[in-house]
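>>> Predicted model follows, preceded by the sequence.
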Amino acid sequence: MDPIDFSVLDEFKELMGDEGEEEVKELVTLYLEDGPTQLRLMRESLGNGDIESFRRAAHSFKSSCGNIGALGLQALCLDLEQKAADSGLDEACTPLVSQAEALFSDVKTALNGYIAS
């Protein structure tokens, strides 16, 4: 599975008309700036045992991932959000957060190529 479903961005670009390309670049740039913050919040909340902060960060990042077409990362964030809500922050969350960080790296590479073209 590709890290990005570019049809999501293409649809957004079409909806925005003449300014679509610039709007998409701005959306992607904001996502790339915010992603590391959300991942850091998840990692810190996991370390502190702060279930609510962890859940909020996973939820926020899940929504952002969906908006730009990072559907695999969106699904992983949904899984993290549900695990936190259902069973708290157990040992299964740590490798999943690491997986999210690695997947974000792939997403970032794909998005940087997209906005550079």
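Thanks, I have it. Numbering: from 1, shown residues only.

>>> Going by C-alpha atoms from here, please, whenever you check contacts or count neighbours.
OK.

>>> name the element the residue minimising distance to the centre of the chain belongs to?
In the chain, the C-alpha nearest the mean C-alpha coordinate belongs to residue 65, at 3.7 Å (Cα atoms, centre = their mean). Applying DSSP states H and E as the criterion places residue 65 in helix 51-68.

>>> and the following helix or strand past that helix, which residues are buried?
The C-terminal neighbour of helix 51-68 among helices and strands, as given by DSSP H and E, is helix 71-87. Using 16 or more other Cα atoms under 10 Å as the test for burial, helix 71-87 gives 71, 72, 73, 74, 76, 77, 78, 79, 80, 81, 83, 84.

>>> Next: stretch 23-34.
Under 16+ other Cα under 10 Å, the buried positions of stretch 23-34 are 23, 24, 25, 27, 28, 31, 32.

>>> residues touching residue 25, list them.
Neighbouring residues of residue 25 by Cα atoms under 8 Å, 6 or more residues apart in numbering: residue 115.

>>> how close does it get to residue 34?
Residue 25 is 14 Å from residue 34, where distance means Cα to Cα, to the nearest Å.

>>> Where does the residue lying farthest from the centre of the chain sit: helix, strand or coil?
In the chain, the greatest distance from the average C-alpha position (Cα atoms, centre = their mean) is reached by residue 18, at 26.8 Å. Following DSSP: H, G, I helix; E, B strand; the rest coil, residue 18 is assigned to helix.
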